[in-house]
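J.: Prediction below, plus the sequence it came from.
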Amino acid sequence: MTTEYVVVDESASLADAVRALKSFEGPIESVHQVYLTNSAGSLSGIVPLSRILLADASTPLHQLSLDPVISVQSHADQKEVVELFHKYNLVALPVVDETAHLLGVVTADDVLEVVVKHR
């Protein structure tokens, strides 16, 4: 799991998301999505980079969010994480606490490492 990800407020514009992506200082290969949080700091949306790139500049960012928002609780076991990746064909999965605060992101590379170790 990585704790380096791009997050913006759910009211952010497409331009805000692009600015956040440009200012991201973590490993760029781990960025697949922009995460949206509400005023309480809880995860409220996930916007894939492809939707950001293809959207009209006037489109509100929250309208580009995936539905449903797939996440996993921090206490989930590896099997549950692998099953979610497989079921939803994910490239990244946000990890949240009991109040849906974003704690980190599990990437497909993380899952592949787990699967290979348990073969």
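T.: Yes, it's here. Keep in mind that this is a model prediction, so the values were computed, not measured. Numbering: from 1, shown residues only.
J.: and Val105, what are its phi and psi?
T.: Dihedral pair for Val105: phi -140, psi 130, per degrees, to the nearest 10.
J.: Do a quick rundown of the helices in the chain.
T.: 14-23, 49-54, 78-88, 108-117 (DSSP state H).
J.: Quick one: these as CSV, columns for distance to Val6 and mean neighbour count too.
T.: For the C-beta atoms, the positions are set from N, CA and C on the backbone; glycine is no exception. Converted to CSV, the helices of the chain look like this (distance: least, C-beta to C-beta, whole Å; neighbours: other C-beta atoms under 10 Å):
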stretch, distance to Val6, mean neighbour count
helix 14-23, 5, 14
helix 49-54, 9, 14
helix 78-88, 20, 14
helix 108-117, 17, 13
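J.: Determine which of these shows the lowest mean per-residue pLDDT.
T.: For the helices of the chain, mean pLDDT drops lowest on helix 108-117, to a mean of 83.
J.: what's the angle from that helix to helix 78-88?
T.: Following axes from the mean of the first three to the mean of the last three C-alpha atoms, to 10 degrees, one obtains 120 degrees for the angle between helix 108-117 and helix 78-88.
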